[in-house]
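[1] Have a look at this prediction, sequence included:
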Amino acid sequence: MNISKEVKLASTNRQAATPMASHRKISLTAGLIYLLTMVSIPTLALYGQVKSANYILGAGPDTAAMLGGILEVIVALAGIGTAVVLFPVLKKQNEGLALGLVAARVLEASALFTGVAFLLSIVTLRQAGAGADALVTSNVLVTLYNRIFLLGGSFMPAVDDLLLGFLLYKSRLVPRALSLIGIVGGPVLIAGFLAVVFGVIGRDAPLAALSALPVFLFELSLGIWLIVKGFNPSAAKELLGAE
């Protein structure tokens, strides 16, 4: 009888440990993917040439523009990845909001993909030797990129982080102070987005960049925290118990 009880106890302990080990894998994976989204930082410099008015008329390599497009595609896919990886955990707090986060990430990625298509279309025209005949088209494509980027690079990330910050705050999976950065940063970025859309500030104005700083800090800090610390064990256990 004692041997049987010990076997059952060991089996129970293994079953209890398995979900927690799974949650650690989820937090580690999500953290790594969040850090992967930071590869978008160089795109501002990489796109500088292709967005210039006379790029279509010039000569030389298109490497910078192509690399920028690749990096944005990686960021778009990584954004979806963060929401999908975290979904099994976050749905235990609020499945509707967790699903909303996945949908918001997909919309963000769609906008980024569209923006990349606009800029790479300019590269294609240049490689085809369109020259001055495509100058107006090139300028229109740059304008379209700038407008779609406001949606994919400003508005949607604000929605993403507002949803994620709220879910993390309610679940206590990470320190609430960290969650609050996302909750506060989302509306701040939306305010910056609206200011640019209505012409109150320029797209490249310091205030526009400043409005994006809390969201950047939130995602960077969250990625590092999930890798180093993972989820709060007691909060993760409580969510598991709610199944």
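    Yes, it's here.
[2] Torsion angles phi and psi at Tyr47?
    Per-residue torsions, Tyr47: phi -90, psi 0 (degrees, to the nearest 10).
[3] what about Pro175, how many residues close to it?
    By the measure other C-beta atoms under 10 Å, the count of residues near Pro175 is 14. Every C-beta, even on glycine, is put in place using the N, C-alpha and C of the backbone.
[4] From Arg203, how far out is Gly192?
    10 Å (C-beta to C-beta, to the nearest Å).
[5] now Phe216
    Distance from Phe216 to Arg203, counting by C-beta to C-beta: 17 Å.
[6] higher neighbour count, those two?
    Taking neighbours as other C-beta under 10 Å, Phe216 and Arg203 compare with Phe216 leading, 18 against 15.
[7] Look at the residue minimising distance to the centre of the chain and give its secondary structure.
    For the chain, Gly79 is the residue whose C-alpha lies nearest the centre (C-alpha atoms, centre = their mean; 3.8 Å). Classification of Gly79 by DSSP: H, G, I helix; E, B strand; the rest coil places it in helix.
[8] and Lys96, how many neighbours does it have?
    Let me fix one detail, which is that residue 96 is Gly and not Lys. Residues near Gly96, counting by other C-beta under 10 Å, number 8.
[9] check which helix or strand covers it.
    helix 63-127 (DSSP states H and E).
[10] What average pLDDT does that helix get?
    For helix 63-127, the per-residue pLDDT values average out at 95.
[11] What is the subsequent helix or strand relative to it?
    Next in sequence after helix 63-127, counting helices and strands by DSSP H and E, comes helix 135-150.
[12] which helices and strands does that next one pack with?
    Where contact means 3 or more C-beta pairs under 8 Å, 6 or more residues apart in numbering; DSSP states H and E, helix 135-150 is packed against helix 63-127, helix 176-197.
[13] Identify the residues contacting Val116.
    By C-beta atoms under 8 Å, 6 or more residues apart in numbering, the contact list for Val116 reads Gly69, Glu72, Val73.
[14] Can you give me the distance of Arg105 to Pro233?
    Taking C-beta to C-beta as the measure, Arg105 falls 27 Å from Pro233.
[15] Counting neighbours, go ahead and name the busier of the two.
    Arg105 (25 against 13).
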